[in-house]
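# Just need the structure, nothing else, for what follows:
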Amino acid sequence: MHLTQRLWEWKCRTVDHVPLRLAALPLETLPLERIPDEVKGLNLSRTQITDPGYPARLPSTLRSLQHNRYSGTTLQGLDRTHLRNLVLEECPNLESLGPLPPTLKRLTIYRCPKFTSL
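Predicted structure coming up:
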């Protein structure tokens, strides 16, 4: 089993607090669907996710998502979440977002130079 997969499974089994922070892990092949429902906040810092639809694979119980350095040009699937807080920081290629969830109360987009529209 790949080291990244083992780290992921360990973090998911030992989560008993909020938020969960997964930093600097190559998450391309990790099963985001396996994040426990108890996790209400997720911080993805310096991760290697390029799938623009990854938010749709997150648990519906997730209320806060922070993603630093997302490398894609668009982010889709947010409307299928129940997020209340979304923070996107230092996303050099991000140009747009798909539809936002009706539950969203706070959206922060910071240092995303190519971002032009929601």
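# Quick one: residues contacting Ser117.
95-97 (CB atoms under 8 Å, 6 or more residues apart in numbering). Bear in mind the C-beta positions are built from the backbone N, C-alpha and C, glycine included.
# go with 7 Å
Ser96 (CB atoms under 7 Å, 6 or more residues apart in numbering).
# Would you mind measuring from it to Arg34?
32 Å (CB to CB, to the nearest Å).
# Check Leu75 too.
Distance from Leu75 to Arg34, by CB to CB: 21 Å.
# Could you do Leu97 as well?
25 Å.
# Which one's more surrounded, those two?
Leu97 (20 against 12; other CB atoms under 10 Å).
# ok, the closest residue to His82 other than its chain neighbours - contacts?
Once flanking residues are discounted, His82 sits nearest to Thr103: 5.0 Å by CB to CB, 6 or more residues apart in numbering. Thr103 sits next to 82-84 when contact means CB under 7 Å, 6+ apart.
# ok, now Cys91?
69-70, 112.
# Look up how far Gln48 lies from it.
13 Å.
# what kind of secondary structure is Thr108 in?
strand (DSSP: H, G, I helix; E, B strand; the rest coil).
# Which stretches in this protein count as helices?
For the chain, applying DSSP state H gives helices covering 3-14.
# pLDDT below threshold where in it?
Scanning the chain for pLDDT under 70 picks out the ranges 1-31.
# now, among the contacts of Cys91, which is nearest to Gly53?
Tyr70 (12.4 Å; CB to CB).
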